[in-house]
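*Asks:* predicted structure and sequence below. I'll ask about it afterward.
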Amino acid sequence: MTIPESQLETWAHQGAITTAKATHESIRNALDSYEWPDGVNFKVYLQGSYKNNTNIRGDSDVDVVAQLNSTFCSNLSKDQKRILGLTSATYHLSDFRVDVLKILKDYYGQSQITEGNKSIKIKANNGRLPADVIVCAQYRRYKTVNINGYVEGMCFWTKNDDRQIINYPKVHYDNGVSKHQDSNKWYKPVVRLLKNSRGNIPGDATPSYFLECMLYNVPNSKFGTSYHNTFCNVVNWLNENSLDNFVCQNGQLELFGLTQDQWDTNQAKIFIKNLISLWNNW
């Protein structure tokens, strides 16, 4: 017996978004209420499943980015920075993080705030969802030594081991919108469908971000006509093709590899096999 179309459709439904938006607005209001030093420019925005419309009912934590824009990091050498006339900052990401942490503690109360390795965590309260606030600086990946020749991302350093994390949430979002349109609006519902399916696979711990990026690499022709056909076409294609050259949805980073921020190919293959088993044994 196969998984019924009605069950697949239920899994494809989006979770609530109103409380996520309210949580984002609350954090933005907290940071906007502070009198920042002259010249400090930043932006507060949603990222993750709530931003990308791939959230499901079980999702709770809201990912909010506080991105410093008046200071930025890049892949340029010292000589290349000199050529572009770039100078050292006087207000650094470390200063920004200290200020953001103080503001959030003052605004929500110290008992509501904890520091994680990658984010500042705010507890749920008064209709707010729990939030992970990622304090970062703008990152510019220059492709040419030209002041406008870069892809915008963000970066920060982990608290525990001082490891630099670079990501591209805005490009991730834009590419997801394009993929959704190019697949006749099947892409995001299928991401949610497979995220929900994990609840029927004992012990599964497949990260949502990696799952979404894996589906981004599936040809658009495999999506459509019905959830039944899409599930089969997508999973069969993943099972029959190499995963070696898969990229993250941002198109800037490789999905699979040996770093802490990449997925292990063997774990992905196990997940694909579990999806096949779930289908065949429903």
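*Replies:* Looks like it came in fine.
*Asks:* can we go C-alpha only for contacts and neighbour counts from here?
*Replies:* Noted.
*Asks:* so residue 44, which of the three states?
*Replies:* What DSSP: H, G, I helix; E, B strand; the rest coil gives for residue 44 is strand.
*Asks:* doesn't residue 65 make contact with it?
*Replies:* Yes - look at residue 44 against residue 65 with C-alpha atoms under 8 Å: they come within range, at 5.5 Å.
*Asks:* give me the more crowded residue out of the two.
*Replies:* residue 65 (25 against 20; other C-alpha atoms under 10 Å).
*Asks:* okay, the more buried one and residue 121: tell me how far apart.
*Replies:* From residue 65 over to residue 121 the distance is 12 Å, taken as C-alpha to C-alpha, to the nearest Å.
*Asks:* do residue 269 as well
*Replies:* For residue 269 relative to residue 121 (C-alpha to C-alpha), the value is 32 Å.
*Asks:* of these two, who's got more company?
*Replies:* residue 121 (22 against 15).
*Asks:* and the more buried one, helix, strand or coil?
*Replies:* Applying three-state DSSP: residue 121 is strand.
*Asks:* residue boundaries of the helices in the stretch 151-282 of the chain?
*Replies:* 169-182, 187-197, 208-216, 227-240, 265-280 (DSSP state H, counting those that start in this stretch).
*Asks:* hmm, residue 230 is touching residue 221, no?
*Replies:* No - using C-alpha under 8 Å, residue 230 is not in contact with residue 221, being 9.4 Å away.
*Asks:* in terms of neighbours, single out the busier of those two.
*Replies:* Taking neighbours as other C-alpha under 10 Å, residue 230 and residue 221 compare with residue 230 leading, 18 against 12.
*Asks:* show me what contacts the closest residue to that one other than its chain neighbours?
*Replies:* For residue 230, ignoring the flanking residues on the chain, the nearest one in space by C-alpha to C-alpha, 6 or more residues apart in numbering is residue 223 at 5.0 Å. Residue 223 is in contact with 183-184, 186-187, 229-230, 233-234, counting by C-alpha atoms under 8 Å, 6 or more residues apart in numbering.
*Asks:* may I ask which of the residues you listed has the most neighbours?
*Replies:* The most crowded member of the contacts of residue 223 is residue 187, carrying 27 neighbours; neighbours defined as other C-alpha under 10 Å.
*Asks:* and the gap between that one and residue 12?
*Replies:* 10 Å.
*Asks:* same deal with residue 90?
*Replies:* For residue 90 relative to residue 12 (C-alpha to C-alpha), the value is 48 Å.
*Asks:* the more surrounded of these two?
*Replies:* The residue with more neighbours, out of residue 90 and residue 12, is residue 12; 24 against 8, by other C-alpha under 10 Å.
*Asks:* what pLDDT does that one get?
*Replies:* Per-residue pLDDT puts residue 12 at 98.
*Asks:* returning to what we had before: overlap in contacts of residue 65 and residue 121?
*Replies:* Joint contacts of residue 65 and residue 121 (C-alpha under 8 Å, 6+ apart) are residue 133.
*Asks:* thinking again about what came up before, which single one of the contacts of residue 223 is nearest to residue 33?
*Replies:* residue 187 (38.4 Å; C-alpha to C-alpha).
*Asks:* is it correct that that closest one is in contact with residue 180?
*Replies:* Yes - using C-alpha under 8 Å, residue 187 is in contact with residue 180, at 4.8 Å.
*Asks:* measure residue 108 to residue 170 for me?
*Replies:* Distance from residue 108 to residue 170, by C-alpha to C-alpha: 28 Å.
*Asks:* repeat that for residue 210.
*Replies:* 17 Å.
*Asks:* check which helices and strands the helix or strand hosting residue 28 sits against.
*Replies:* Using DSSP states H and E, residue 28 sits within helix 18-32. Applying 3 or more C-alpha pairs under 8 Å, 6 or more residues apart in numbering; DSSP states H and E, one finds that helix 18-32 contacts strand 42-47, strand 62-74, helix 93-108.
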